[in-house]
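Enquirer: how would this look folded up:
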Amino acid sequence: EVQLVESGGGLVQPGESLRLSCAASGFTFSANVMSWVRQAPGKGLEWVSSISSGGSITGYADSVKGRFSISRANAKKTLYLQMNTLRSDGTAVYYCAPGDRSTNWSRFASWGQGTQVTVSS
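Expert: The predicted structure follows:
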């Protein structure tokens with residue numbers, strides 16, 4: 001059974017940073033491309049970033065490029081998202097999931113609880 005547990009969210013002011021973590025179990029984490037996906041209030045799921053199984057290839061949505069950094073620790077089965085220079089448009093629930101930017105997220109059925117990020121002054 002796929003289990004994903006996100007953590008690290010919180011309330012921050014614009015310009016501040018947060019580091020999200022995702023603990024994965026129930027599948028071969030090290031063999032999967034992993035992504036962060038977010039859902040802002042009243043909006044649909046939005047892909048944020050992906051990382052290859054070995055960690056050498058990353059991709060970012062234009063809205064976060066240069067400010068966010070994705071990484072992974074396969075030995076710990078953990079995915080990370082370092083978020084710097086946060087803006088109000090970063091307010092969302094953040095989820096991790098196996099998949100890449102082309103994944104049809106509406107068909108993914110094993111979401112974790114997500115972690116809430118609120119950026120507000």
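Enquirer: quick one, what contacts V33?
Expert: V33 makes contacts with 50-53, 98-100, as judged by Cβ atoms under 8 Å, 6 or more residues apart in numbering. To be clear about C-beta, it is placed using only N, CA and C from the backbone, and glycine gets the same treatment.
Enquirer: Find the residue closest to G114 in space, skipping its chain neighbours.
Expert: V93 (4.0 Å; Cβ to Cβ, 6 or more residues apart in numbering).
Enquirer: helix or strand right after the helix or strand hosting the one you found?
Expert: In this assignment (DSSP states H and E), V93 forms part of strand 92-98. Going down the chain from strand 92-98, the next helix or strand is strand 115-119, by DSSP H and E.
Enquirer: contacting residues around that next one?
Expert: 6-14, 16, 18, 20, 38, 83, 86-94.
Enquirer: Just want the angle from that strand to strand 92-98.
Expert: 140 degrees (axes from the mean of the first three to the mean of the last three Cα atoms, to 10 degrees).
Enquirer: in strand 115-119, what counts as buried?
Expert: 115, 117, 119 (16 or more other Cβ atoms under 10 Å).
Enquirer: now swap in stretch 95-113 and tell me
Expert: Those would be 95-100, 103, 105, 108, 111-112, for stretch 95-113 by 16+ other Cβ under 10 Å.
Enquirer: Now render the contacts of V33 as CSV, adding distance to S71 and pLDDT.
Expert: Formatted as CSV, the contacts of V33 follow (distance: Cβ to Cβ, whole Å; pLDDT from 0 to 100):
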residue, distance to S71, pLDDT
S50, 12, 98
I51, 7, 98
S52, 11, 98
S53, 13, 97
P98, 16, 97
G99, 17, 95
D100, 16, 95
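Enquirer: out of those residues, which one sits closest to G44?
Expert: G99 (15.5 Å; Cβ to Cβ).
Enquirer: Surely that closest one touches F108?
Expert: Yes: counting by Cβ atoms under 8 Å, G99 touches F108, with 6.8 Å between them.
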